[in-house]
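Q: only geometry, no sequence info:
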DNA sequence: TTACCTGCAAAAGGTTTGCAGGCTA
DNA sequence: TAGCCTGCAAACCTTTTGCAGGTAA
């Protein structure tokens, strides 16, 4: 990430925290700075290690809580999108996925059109492409039904 | 999944196991059957619960080991593609990801072209689309370099 | 028969929770 | 000052490992 962009994110960070009435504690700031300083999409553990030299007493739980808070407030986002357990699939051929963000159901999607996606040049310019897939986050029909039913009760 | 497809997968299962010299134990078969009977891409835990009535003494560790073996042999595949820890990103705007399957590095990719992807009708027909992203698995340039260096040593 | 596979138990991550005290706004 | 935030400890959940005995081919 370019220095300019980093500075911009940092400015936004203060702005958003003020708006959302989130305290800007030294720890939070350090966690956020560590995140924008690391282009590899670090894990909580990696962020923890990065700021430990400046905050020797900080706890990993604080890092988790802070990241969760920032995420819930839309200031940062989670990359591993699906869930916290491994999920298996009997289909080994190439296909795509539709994931319900409510009930966590994962559905397969076969699509010749998506398979034929034009791959941006940067992807294969320096790296060797292994495969790719498209991932749709949705609220599934069942969850929509449930939501509707609950709204009517009220 | 249609019954026909299931039967086909099951036939393939026996064939592949024979080819790969993997024993077809009752437990393995049960695990595989449970996987193809469940269209929601179950977790090891869910498969374990599904077969426990038939194999009351089976251990969760066996389910894990079996799924890992089948996955390594290309008989099944893992859905949660990235890794077993959460990864965060300071960019909250819509973007795509390039993931190195070797070093687990995750890189951001912004692409108006990908954003403009034609979404298959089935996706939004019954579900409410929240968002989507394209996920490229690659071997990154650094890992390719490393690989090359190691090959030369041999 | 032999190598692989299972089941148990324990350990090893990774993540979450509760609470007392401290700090930000 | 009030409410939020931190740090500690413990719990929890998922996954991995080692090993002894059992079973498929």
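A: Happy to help now that I have it. No experiment lies behind these values; they were computed from the predicted model shown.
Q: I'd like the average pLDDT over stretch A:48-65.
A: Confidence over stretch A:48-65, taken as the mean pLDDT, stands at 93.
Q: and the end-to-end length of it?
A: Using Cα to Cα, to the nearest Å, the end-to-end distance of stretch A:48-65 comes out at 12 Å.
Q: cool, and stretch A:117-127?
A: From start residue to end residue, stretch A:117-127 stretches across 18 Å - Cα to Cα.
Q: next one: stretch A:108-124
A: Chord length of stretch A:108-124, first to last residue, is 26 Å (Cα to Cα).
Q: With stretch A:21-29 instead?
A: 15 Å.
Q: try stretch A:76-87
A: Distance between the boundary residues of stretch A:76-87 (Cα to Cα) amounts to 25 Å.
Q: Select the longest helix from chain A.
A: Using DSSP state H, we find that the single longest helix of chain A is helix A:3-20.
Q: List the beta-bridge partners for the most centrally placed residue in chain A.
A: When Cα atoms, centre = their mean is applied to chain A, the residue found nearest the centroid is residue A:78 (1.8 Å). For residue A:78, the beta-bridge partners are residue B:88 (DSSP bridges).
Q: list the contacts for it?
A: With contacts taken as Cβ atoms under 8 Å, 6 or more residues apart in numbering or on different chains, residue A:78 has the following neighbours: A:71, B:86, B:87, B:88, B:89. Using the backbone N, CA and C atoms, a C-beta is placed for each residue, glycine as well.
Q: Looking at those residues, which is nearest DNA strand C?
A: Using Cβ to the nearest atom of the strand, residue B:86 is the member of the contacts of residue A:78 that sits closest to DNA strand C, with 3.8 Å.
Q: Can you say which helix or strand has the closest one in it?
A: With secondary structure defined by DSSP states H and E, residue B:86 is part of neither a helix nor a strand.
Q: That one and residue A:44 touch, don't they?
A: Yes - counting by Cβ atoms under 8 Å, residue B:86 touches residue A:44, with 6.5 Å between them.
Q: Are there residues contacting both of the two? Which ones?
A: Counting by Cβ under 8 Å, 6+ apart, the contacts common to residue B:86 and residue A:44 are residue A:67.
Q: returning to what we had before: quick one: the residue nearest to the centre of chain A from DNA strand C, how far?
A: When Cβ to the nearest atom of the strand, to the nearest Å is the yardstick, residue A:78 and DNA strand C sit 10 Å from each other.
Q: again, but for residue A:61
A: In this view, residue A:61 and DNA strand C are 3 Å apart by Cβ to the nearest atom of the strand.
Q: try residue A:106
A: According to Cβ to the nearest atom of the strand, residue A:106 and DNA strand C sit 19 Å apart.
Q: residue ranges of the strands in chain A, please?
A: Under the criterion DSSP state E, chain A contains strands at A:77-78, A:88-89, A:96-100, A:106-109, A:128-139.
Q: want to throw those strands into CSV with distance to residue A:38 and mean pLDDT?
A: Putting the strands of chain A into CSV (distance: least, Cβ to Cβ, whole Å; pLDDT from 0 to 100) gives the following:
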stretch, distance to residue A:38, mean pLDDT
strand A:77-78, 15, 82
strand A:88-89, 31, 80
strand A:96-100, 26, 87
strand A:106-109, 29, 86
strand A:128-139, 23, 90
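Q: Need those in CSV (columns: distance to residue B:100).
A: Conversion of the strands of chain A to CSV gives the following (distance: least, Cβ to Cβ, whole Å):
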stretch, distance to residue B:100
strand A:77-78, 19
strand A:88-89, 22
strand A:96-100, 20
strand A:106-109, 23
strand A:128-139, 9
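Q: So which residues on chain A come close to DNA strand D?
A: Taking Cβ under 7 Å from any atom of the strand as the criterion, the neighbours of DNA strand D within chain A are A:21-23, A:25, A:27-28, A:55, A:57-59, A:61-62, A:65-66, A:69, A:84-86.
Q: If any of these are buried, put those into a PyMOL selection.
A: Selection of buried members from the residues of chain A next to DNA strand D for PyMOL, criterion 16 or more other Cβ atoms under 10 Å in any protein chain shown:
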select buried, chain A and resi 22+27+28+58+62+66+86
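Q: Mark which of the residues of chain A next to DNA strand D are part of helices, please.
A: If you go by DSSP H, these have A:27, A:28, A:61, A:62, A:65, A:66, A:69 in helices.
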